[in-house]
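Trainee: could you look at this predicted model? Sequence included:
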Amino acid sequence: MYRYDDYDQAIVDARVAEFRDQVKRRLSGELSEDQFKPLRLMNGLYLQLHAYMLRVAVPYGTLNSRQMRMLAHIARKYDRDYGHFTTRQNLQYNWIKLEDAPDIVAELATVEMHAIQTSGNCIRNISSDQYAGAAADEVADPRPYAELLRQWSTFHPEFTYLPRKFKIAVIAADEDRAAMRLHDIGLQLKRDDAGELGFAVYVGGGQGRTPMVAPLIRDFVSAREFVSYLEACLRVYNRYGRRDNIYKARIKILVHELGADEYRRQVEEEYLHVKTLAVDPPLAELERIAAMFAPPAFTDGPTEIDRSDPDFALWLDQQTAAHKRPDHAIVTISLKPIGGIPGDASSAQMDVIADLADRYSHDELRVSHAQNIVLPHVRKADLYAVWQALDEAGLATPNLDLISDIIACPGLDYCSLANARSIPLAQKLSERFSLVSQRDLGEVKLKISGCINACGHHHAGHIGILGVDRHGTENYQLSFGGSGAEDASLAKIVGPGFSEDGVVDAVEKALETYRGLRIEGERFLDTYRRVGLEPFKAAIYA
């Protein structure tokens with residue numbers, strides 16, 4: 001994984017010192033809250049319902065055991081002994097005291113971490129496939145390119161004050177595990193007919209009150225020039241993106257209003273100019289970065305696994321994926337225990353995960369956009385020991401991609417923007433279905449947002465739930481048919497909303513309807529797309 005050089009460390013240390021002075025001036029009254037707000041947001045510090053929230057960047061979801069232990073330490077020392085992993089592969093602390101914030105970012109800096117650009121109208125954390133560098137189906141490891149983009153975008157003088165926040169995802173397989181087309185820019189690493197690496201570029205995706213799936217803007221741009229192309233994409237947006245209306249300020253609105261063809265024409269025109277500015281890094285720099293993502297020192301092992309323990313076999317089938325090496329596997333650690341809070345991990349659990357990465361996964365961890373943790377490089381010979389340790393720590397729920405593997409935002413329990421609670425609903429839904437029932441249902445991706453901003457990705461859920469305020473009462477809209485994968489689509493609202501208990505009942509009725517309608521091999525999403533909304537709607541509102 002990437003390691004800071006002196007330049008990286010100097011940038012982060014300078015920002016810590018600057019932020020410490022800003023907090024000192026706010027606490028003394030020298031800065032008002034209005035003056036302080038844009039400064040704290042540049043450092044990932046939000047003021048929520050009950051306390052400050054700090055969002056820590058985990059670039060492209062990759063971290064090591066030392067960094068995970070630091071996250072655990074901060075949870076114990078400065079928060080309420082837990083952290084919340086998010087859909088942008090970051091981590092949030094929800095109970096931060098303002099006076100502690102400078103010390104927290106200073107401690108993060110000692111392990112090459114920070115909270116820079118995790119908020120504000122800038123390019124946010126670059127996200128990627130949580131299986132990157134390990135997946136059997138990828139063209140190449142996309143993380144060196146994601147790291148290049150991180151360096152390009154950090155404190156970029158043109159793009160620090162964009163019309164609105166900006167999110168980029170980079171993948172390298174046909175299977176989209178990062179919701180790439182629901183980003184402002186989505187990049188898919190591929191090879192052209194001559195074997196050269198480059199990217200398909202999608203621009204204008206996003207969720208929120210106006211959800212859109214990004215159209216393809218360019219089928220292939222060489223990896224040698226893709227930074228210039230992104231610079232052109234951002235320049236057109238920065239020039240014409242709306243600043244008069246926060247609800248119309250995202251690039252998806254610009255692409256939609258111009259049309260993909262006209263946006264593409266303007267980008268291509270700008271690209272011809274940007275290429276003359278020597279924006280793209282020299283090949284030596286890309287090679288320097290790529291060298292840090294070289295495969296670890298694998299040791300050979302058996303390719304067969306003893307499946308005689310039925311509980312282990314169940315976990316194995318649900319929580320592991322194919323690795324590039326036949327004697328290794330990718331392990332997804334579920335942060336979705338039945339009745340638990342999706343994405344939360346205690347400091348003790350974080351320490352366990354760090355220890356497992358140290359011992360069994362070449363000191364490497366990943367955060368997934370679905371709010372789970374991944375051990376990317378585990379020998380098959382070690383899987384049973386890993387499972388035993390996870391089981392003891394309450395981290396072995398075998399529910400990846402099942403109905404209880406819920407994405408949920410913090411909702412009205414924490415967020416000042418939310419209209420309804422997400423967490424209690426997620427807990428009730430996970431408790432409604434036994435694991436036996438969940439396995440029978442198969443892949444059902446359920447996602448919950450507590451407001452229209454869609455931090456819980458409800459538009460991309462096979463089943464999506466949006467919490468709204470209906471005359472002072474929490475109400476939940478149900479929608480079907482969304483996907484953040486390679487078959488990206490937006491969910492459609494079913495009909496009138498429900499109470500918290502009512503929407504749990506409605507989900508159960510929908511899934512019973514699916515059981516009666518499915519044909520062999522069909523997911524819930526496939527059945528819904530085949531038969532349409534009406535059979536589900538009739539059952540729910542009968």
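Mentor: Thanks, I have the structure now.
Trainee: so where is the protein shaky, pLDDT-wise?
Mentor: Of all residues in the chain, none has pLDDT under 70.
Trainee: what about the longest helix in it?
Mentor: In the chain, taking DSSP state H as the definition, the longest helix is helix 6-28.
Trainee: residues contacting His462?
Mentor: 443-446, 480-483, 491, 523-525, 528 (CB atoms under 8 Å, 6 or more residues apart in numbering). C-beta coordinates here come from the backbone N, C-alpha and C atoms, glycine included.
Trainee: same thing but 7 Å
Mentor: Counting by CB atoms under 7 Å, 6 or more residues apart in numbering, His462 touches Val444, Lys445, Leu446, Gly482, Ser483, Phe524, Leu525.
Trainee: among these, which one lies nearest to Glu196?
Mentor: If you rank these by distance to Glu196 using CB to CB, Ser483 comes first, at 30.3 Å.
Trainee: thought that closest one was touching Gly461?
Mentor: No. At 8.3 Å, Ser483 does not count as touching Gly461 under the criterion of CB atoms under 7 Å.
Trainee: buried ones in the helix or strand encompassing Arg288?
Mentor: Assigned by DSSP states H and E, Arg288 belongs to helix 283-291. Under the neighbour-count criterion of 16 or more other CB atoms under 10 Å, helix 283-291 has Leu286, Ile289, Ala290 buried.
Trainee: dump that helix to CSV, restricted to CA.
Mentor: In CSV, the C-alpha atoms belonging to helix 283-291 read as follows (Å, rounded to 0.1, in the frame of the first residue of the first chain):
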residue,chain,number,x,y,z
LEU,A,283,5.7,7.8,-16.2
ALA,A,284,8.3,7.5,-13.5
GLU,A,285,5.9,9.0,-10.9
LEU,A,286,3.2,6.4,-11.8
GLU,A,287,5.8,3.7,-11.6
ARG,A,288,6.9,5.0,-8.2
ILE,A,289,3.4,4.8,-6.9
ALA,A,290,2.6,1.5,-8.5
ALA,A,291,5.7,-0.1,-6.9
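Trainee: Ser483 and Gly461: which is more packed in?
Mentor: Each of Ser483 and Gly461 has its neighbours counted (other CB atoms under 10 Å); Gly461 has more, 27 against 23.
Trainee: quick one: the more buried one from Gln89, how far?
Mentor: 19 Å (CB to CB, to the nearest Å).
Trainee: burial measure for the nearest residue to Ile403 once chain neighbours are set aside, as a count.
Mentor: Counting by CB to CB, 6 or more residues apart in numbering, Ile403 lies nearest to Val444, which is 4.5 Å off, once chain neighbours are set aside. Using other CB under 10 Å, Val444 has 23 neighbouring residues.
Trainee: for Val444, helix, strand, or coil?
Mentor: Here Val444 takes the coil state, with states given by DSSP: H, G, I helix; E, B strand; the rest coil.
Trainee: please compute how far whatever helix or strand Leu356 lives in lies from its chain's middle.
Mentor: Element membership of Leu356, judged by DSSP H and E, is helix 347-360. Relative to the chain's own centre, helix 347-360 is displaced by 21 Å; criterion: CA atoms, centre = their mean, to the nearest Å.
Trainee: who does that helix touch, helix- and strand-wise?
Mentor: helix 65-78, strand 373-379, helix 383-392 (3 or more CB pairs under 7 Å, 6 or more residues apart in numbering; DSSP states H and E).
Trainee: can you list contacts of the second one?
Mentor: What it means is strand 373-379. Outside strand 373-379, the residues that touch it by CB under 7 Å, 6+ apart are 85, 130-131, 133-134, 296, 301, 327-333, 335, 353, 356-357, 360-362, 364-368, 386.
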